[in-house]
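> build me a model:
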Amino acid sequence: MKEIASKKVKPSGLELVDRLVGVQRVTKTTKGGRTFSFTAIVVVGDEHGIGGYGLGKSKEVSEAVTKGIEDAKKNLYKFPVSKGTVPHEQDGKFGGARVFLRPASSGTGVIAGGAMRAVLECVGVHDVLAKSKGSSNPHNLVKATFEALHLMRDAHQVAKTRGIALNKVFNG
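Alright, predicted model coming up:
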């Protein structure tokens, strides 16, 4: 079992930005014909290490996006972001989507595709090298990226888990 290092956060008092990742039109066939509705996947974050995603469904696009934002605000997590990048390399997977995140030096920027870019920018990662492998389904890519971020641990968390001083984490 993988250890999850992120913690759930309450959204009170946070300045959150939201990004629309994707909107799909879905149909339901009924006796009277086809019924159209929309699903939206939205990512929210404070650009300082807190982020979450949400799904919304409705008969109208704007209402689906609003529902997605409200759902995302209920599922916010704190991630370890140090100096604008991720602390270490990490893989994430969900369904058929596979993602790989690698820390980058300052000034590199976010080298990532559409759905991954929205997640990383909302969380507050400014310098990262990211690769998506497998499925390009935006729903699964967002979930795989959050999976990778959930598995990230910074030096303070490693030291606390091992029960040693922070300087011994780096010196061995």
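> surely residue 130 and residue 104 touch.
No - counting by CB atoms under 8 Å, residue 104 is not a contact partner of residue 130; they are 9.2 Å apart. From N, CA and C alone the C-beta is placed, and that goes for glycine too.
> give me the contact list for stretch 9-20.
Here stretch 9-20 makes contact (CB atoms under 8 Å, 6 or more residues apart in numbering) with 40-47, 50, 65, 68-69, 72-74, 76-78, 118, 121-122.
> re the thing from before, who touches both of residue 130 and residue 104?
Common neighbours of residue 130 and residue 104 (CB under 8 Å, 6+ apart) are residue 111.
> ok, the helix or strand harbouring residue 102: who's next to it in the sheet?
Using DSSP states H and E, residue 102 falls within strand 97-103. In the sheet, strand 97-103 lines up against strand 90-94 (antiparallel), strand 128-134 (antiparallel) (DSSP bridges).
> just the helices from the protein, written as ranges.
Using DSSP state H, the helices of the chain run over 61-73, 114-123, 138-150, 155-162, 166-171.
> buried set for the worst-scoring helix or strand of the chain on mean pLDDT?
The least trusted helix or strand in the chain, going by mean pLDDT, DSSP states H and E, turns out to be strand 7-9, with a mean of 73. By 16 or more other CB atoms under 10 Å, the buried positions in strand 7-9 come out as residue 9.
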